[in-house]
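A.B. asks: need a 3D model of the sequence below.
(one chain, ligands or ions: 1)
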Amino acid sequence: MELKVHQEKIIKQLIMQEEMLSKLYGYFSVQFPEYSKFWDRLSKEEYRHARLIQKLLVAAKRGKIIFDEGKITTYSLNAFISRLEQILQKAENVEYNIKTALICAVDYENSLIEKNVFTHFDSLSDNVKGTLKILHSETMDHIESIKKVQKSVAENS
Ligand SMILES: [Fe+2]
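C.D. replies: Below you'll find the model as predicted:
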């Protein structure tokens, strides 16, 4: 099954989203030196997620993966991306403190899980299945680690 134009656009938006999250966490790692290791890890993983989705896109173009966008539309993803753009802008202007930065991150990661972005790809290939598992489990793991840091911030303030 060939990948349609709008489907390709959706996958590219997903890549962009991961890249923007990586950039955001990169800002936070500079702004909150006490937690720089934590943000830096998240940032690197988001960058890797972007590269993994890039691979999925290549495979989807070759017809090796089925992508069913379900209810995801380019329109709804545009809304998410512009929200992320605003967040990035605020971060660039150093408008977040550690608490609001963590809230912002956990909200965004949660919305990725709620949208179930990684369940829209399907393949018989174990390799692809493994990639999807990594994307899903690391996003879940981000939520858990952010919550942990939230807890320690709350306890220390
Ligand atoms: Fe990610």
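
A.B. asks: near the ion, which residues of the chain?
C.D. replies: Contact residues of the chain with respect to the ion, defined by C-beta under 5 Å from the ion, are listed as 18, 46, 49. Just so you know, the C-beta spots here come from the backbone N, C-alpha and C atoms, and that holds for glycine as well.

A.B. asks: run the last query once more with 8 Å
C.D. replies: Residues of the chain lying close to the ion (C-beta under 8 Å from the ion) are 17-18, 21, 45-46, 49-50, 109, 112, 135, 138-139, 142.

A.B. asks: from these, which has minimum pLDDT?
C.D. replies: Least confident of these in the model: residue 112, at 82.

A.B. asks: can you tell me the closest non-neighbouring residue to that residue?
C.D. replies: If you skip the residues right next to it in sequence, residue 112 has residue 139 as its closest partner in space, 5.5 Å away by C-beta to C-beta, 6 or more residues apart in numbering.

A.B. asks: is that neighbour within a helix or a strand, and which one?
C.D. replies: Secondary-structure assignment from DSSP states H and E places residue 139 in helix 126-155.

A.B. asks: list the buried residues in that helix.
C.D. replies: Using 16 or more other C-beta atoms under 10 Å as the test for burial, helix 126-155 gives 128, 131-132, 135-136, 138-139, 142-143, 145-146, 149-150, 153.

A.B. asks: centre-most residue in this structure?
C.D. replies: Here the mean C-alpha position of the chain is nearest to the C-alpha of residue 18 (C-alpha atoms, centre = their mean), at a distance of 4.0 Å.

A.B. asks: just to check, that residue is in contact with residue 53?
C.D. replies: Yes: A contact is recorded between residue 18 and residue 53 when judged using C-beta atoms under 8 Å, the distance being 6.3 Å.

A.B. asks: show me where the chain has strands.
C.D. replies: In the chain, strands defined by DSSP state E lie at 66-67, 121-122, listed in chain order.

A.B. asks: parallel or antiparallel, list what pairs with the last one.
C.D. replies: Each strand that strand 121-122 pairs with, and the sense of that pairing, follows from DSSP bridges: strand 66-67 (antiparallel).

A.B. asks: what does the strand it pairs with contact?
C.D. replies: Outside of strand 66-67, the residues within contact range by C-beta atoms under 8 Å, 6 or more residues apart in numbering are 1, 3, 7, 10-11, 56, 60, 120-123.
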